[in-house]
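> Provided below are the primary sequence and the corresponding predicted coordinates.
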Amino acid sequence: MEIRNLKNITTEELLSVFNRSFSDYVVPFHLSLEQLELKIEAEGIDMELSAGTFESEKLVGFILSAEKEENGKRSIYNAGTGIIPEFRGHGLVRKMYDAMLPVFKERKADILILEVIVGNDPAIRAYENLGFKIMRKLLCFNGIVNVEKQNPEVEIKDMEDFQWDLFQSFWDIEPSWQSSVPVLGKIRKECRILGAYVNGLLVGYVIYNPKARKVYQIAVDKKYRKQGVGAELFRRVGHLFEGQTVSVNNAEDTSEHTAAFLKTAAGLENRVSQFEMEKEI
């Protein structure tokens with residue numbers, strides 16, 4: 001058995017092992033080749049930072065990794081860990097992390113980050129044994145946007161680029177990895193930005209990926225909340241997706257306003273929650 005990075009692995013080979021690994025997961029799911037390619041691009045997965053376990057040159061397990069630098073810290077994000085069923089129980093996750101740690105240190109990484117589904121107790125215990133600590137709980141929503149009534153006082157317009165200084169003044173919480181400023185900066189071409197204006201003043205925005213049908217960020221100026229601004233942004237997103245399912249991942253559970261809005265105003269459901277875990281290198 002050998003552990004090395006995934007730079008020479010084809011996406012087709014990774015897809016086969018990915019789907020076998022998650023076929024009996026606590027929330028089973030299956031990706032198409034296009035969906036896996038979108039994930040790799042959208043999350044900035046770096047195959048040279050990603051680990052694979054090989055048995056007779058066949059991939060049997062992996063840790064997909066991405067990297068970012070923000071607020072003076074360099075982080076390595078676990079974008080997915082999978083082991084095919086017949087190779088579980090051999091400590092491969094620990095062995096892959098141990099094998100990649102010198103690479104992470106060479107990149108001058110400060111911290112390792114991952115997300116694990118609430119209720120997946122074996123995985124949570126395994127990561128805690130590796131030194132990871134639970135930092136916060138994140139709520140994942142999806143469904144068909146159900147906002148019908150238009151708010152004529154709110155004008156929705158396309159925006160050319162991120163206005164982070166203003167956007168961040170609307171925040172209550174820090175976005176998780178997939179929705180963070182450095183990650184969205186890398187996938188700007190895949191994103192669309194809508195601004196909400198009242199009397200010509202920008203008071204809210206939404207950033208989403210039309211291909212993946214995923215909303216990365218939505219925020220409204222505190223002075224303009226509960227006035228239908230967020231609902232109008234979601235009404236436009238729902239209209240653009242033409243009745244297809246939309247996902248909004250990793251809303252921090254401490255932001256009761258956001259969770260209540262996504263459920264009651266946007267009509268989405270919180271079907272899955274995750275713990276964000278971290279380990280200092």
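Here it is on my side, so go on.
> So which residues of the chain form helices?
11-22, 33-42, 92-106, 121-129, 164-169, 181-186, 229-240, 256-260 (DSSP state H).
> wait, what's in contact with Val118?
Listed by C-beta atoms under 8 Å, 6 or more residues apart in numbering, the contact set of Val118 reads Lys137, Val272, Ser273, Gln274, Phe275. (Glycine included, C-beta is placed from N, CA and C.)
> which of these lies closest to Gly80?
Gln274 (12.6 Å; C-beta to C-beta).
> rewinding a little: quick one, which of the helices of the chain is packed in tightest?
helix 229-240 (a mean of 22; mean count of other C-beta atoms under 10 Å).
> And the closest residue in space to Lys211 that isn't next to it in sequence, how far from Ser32?
Spatially, and ignoring its direct neighbours in sequence, Lys211 is nearest to Leu38 (6.1 Å; C-beta to C-beta, 6 or more residues apart in numbering). In this view, Leu38 and Ser32 are 9 Å apart by C-beta to C-beta, to the nearest Å.
> sorry, back to before: of the contacts of Val118, keep whichever come out buried.
Val272, Ser273, Gln274, Phe275 (16 or more other C-beta atoms under 10 Å).
> what's the straight distance from one end of stretch 175-193 to the other?
16 Å (C-alpha to C-alpha, to the nearest Å).
> Contacts for it next, please.
Looking at what lies outside stretch 175-193 - C-beta under 8 Å, 6+ apart - the contacts are 41-44, 66, 68-70, 75, 77, 113, 115, 138, 158-162, 164, 174, 205-212, 216-217, 249-250, 252, 276.
> Strands - which of those land there?
Secondary structure defined by DSSP state E assigns 66, 68-70, 75, 77, 113, 115, 138, 158-159, 205-209, 216-217, 249-250, 252, 276 of the contacts of stretch 175-193 to strands.
> Buried ones among those residues?
66, 68, 75, 77, 113, 115, 138, 205-209, 216-217, 249-250, 252, 276.
> Roughly how far does the residue lying farthest from the centre of the chain sit from Ile45?
Here the chain reaches farthest from its C-alpha mean at Asn199, the gap being 33.6 Å by C-alpha atoms, centre = their mean. Noted for Asn199: a distance of 43 Å to Ile45, by C-beta to C-beta.
> residues in contact with the helix or strand bottoming out on mean pLDDT in the chain?
In the chain, no helix or strand scores lower on mean pLDDT, DSSP states H and E than helix 256-260, which sits at a mean of 82. Residues outside helix 256-260 that contact it (C-beta under 8 Å, 6+ apart) are Leu139, Asp172, Ile173, Arg225, Ala251, Glu252, Asp253, Asn270.
> looking at those residues, which has the most residues close by?
The most crowded member of these, judged by other C-beta atoms under 10 Å, is Ala251 (26 neighbours).
> which residues touch it?
Here Ala251 is in contact with Leu138, Leu139, Cys140, Phe141, Ile173, Thr258, Ala259, Leu262 (C-beta under 8 Å, 6+ apart).
> wait, what's in contact with the fifth one?
When you say that, I think you mean Ile173. Ile173 touches Ala251, Glu252, Thr254, Ser255, Thr258, counting by C-beta under 8 Å, 6+ apart.
> bridging residues for the second one?
By that I understand Glu252. Beta-bridge partners for Glu252, by DSSP bridges, are Leu138.
> Pull up the gap between it and Leu59, please.
From Glu252 over to Leu59 (counting by C-beta to C-beta), the distance is 34 Å.
> go on, the third one?
Per C-beta to C-beta, Thr254 is found 39 Å from Leu59.
> Domains of this protein: list them as residue ranges, please.
With domains defined by automatic domain parsing, the chain comprises 2-109, 141-273.
> how about those domains in a markdown table, adding distance to Ile124?
Shown next, in a markdown table, are these (distance: least, C-beta to C-beta, whole Å):
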| stretch | distance to Ile124 |
| --- | --- |
| domain 2-109 | 11 |
| domain 141-273 | 12 |
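> Nearest to Lys133, out of the ones you listed?
Across the domains of the chain, closest to Lys133 is domain 2-109 (C-beta to C-beta), at 14.2 Å.
> Let me see the mean pLDDT of the closest one.
Mean per-residue pLDDT for domain 2-109: 94.
> isn't Val229 right up against Ala196?
Yes: in this structure, Val229 is within contact of Ala196 by C-beta atoms under 8 Å, at 4.9 Å.
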